[in-house]
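1. generate coordinates for the sequence data below:
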Amino acid sequence: MMNRLIALLLILLPAASAGAEPQGMDQLAAKLAIQELIAEYAFRWDSKRSAEFAGLFTEDASMERRLDGETVAGSRLEGKQAILDYAVDSHNGRLADRQSRHHMSGIRFLELGEDTALTENLVLITHQTAGDSAPVNRSSGIYRINWRLTPEGWKMSRRMLLTDSFGN
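-> Below is the predicted model of the structure:
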């Protein structure tokens, strides 16, 4: 496993540092770990694994959705338990009869330190019910995520969904 990781990092090293300052192996390993967690975010939410989804967050994490620069009323959650409760309620309630998909792309690192990071990635969220012949676009935007390195690995300490909108 370690040999495959080293080989992958050696392949990624030239591409990751193209046009930027050279990166050390620790930075590349952190980027790879965080990118994997972004993928896990989508898979855990979309497969309705509420507890595993909440496990991506620090105990003091926050989660919110913003529209036109303002926090959407009722969307701000404080603490891992509140995030878990929201996930359980969503998976057993409004999403119970539908398959959601989070299509993540365009991951970029705005900041990367030894034990903190800030990322942004594009997201397209689709839903499909038994009556739908194809998935329906429900939302799109940018996830802005603050990360913290914990003894258990990288965790989200703040997740904001900057929802796309077009003024009236």
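2. can we go C-alpha only for contacts and neighbour counts from here?
-> OK.
3. I'd like to know how far the residue nearest the centre of the chain sits from Met104.
-> Compute the mean C-alpha point of the chain, and by C-alpha atoms, centre = their mean the closest residue is Ile38, 4.1 Å away. Applying C-alpha to C-alpha, to the nearest Å, the value for Ile38 to Met104 is 8 Å.
4. one more: Asp115?
-> Distance from Asp115 to Met104, by C-alpha to C-alpha: 24 Å.
5. next one: Val88
-> For Val88 relative to Met104 (C-alpha to C-alpha), the value is 22 Å.
6. before we move on, back to that, ramachandran coordinates for the residue nearest to the centre of the chain?
-> phi -60, psi -40 (degrees, to the nearest 10).
7. thinking again about what came up before, who has more neighbours, Asp115 and Met104?
-> Taking other C-alpha atoms under 10 Å, Asp115 and Met104 do not tie; Met104 has more neighbours (17 against 12).
8. which strand or helix spans that one?
-> Per DSSP states H and E, Met104 falls inside strand 98-112.
9. so which bits of that strand are buried?
-> By neighbour count on 16 or more other C-alpha atoms under 10 Å, the buried set for strand 98-112 is 98-102, 104, 107.
10. please tell me I have it right and Ser100 contacts Ile125.
-> Yes. Contact between Ser100 and Ile125 holds when scored by C-alpha atoms under 8 Å: they sit 6.9 Å apart.
11. which is the next helix or strand following the helix or strand harbouring Glu120?
-> Assessed by DSSP H and E, Glu120 sits inside strand 116-129. For strand 116-129, the following helix or strand on the C-terminal side (DSSP H and E) is strand 136-150.
12. specify the angle between that next one and strand 116-129 in degrees.
-> Orientation check (axes from the mean of the first three to the mean of the last three C-alpha atoms, to 10 degrees): strand 136-150 against strand 116-129 gives 150 degrees.
13. thank you, goodbye.
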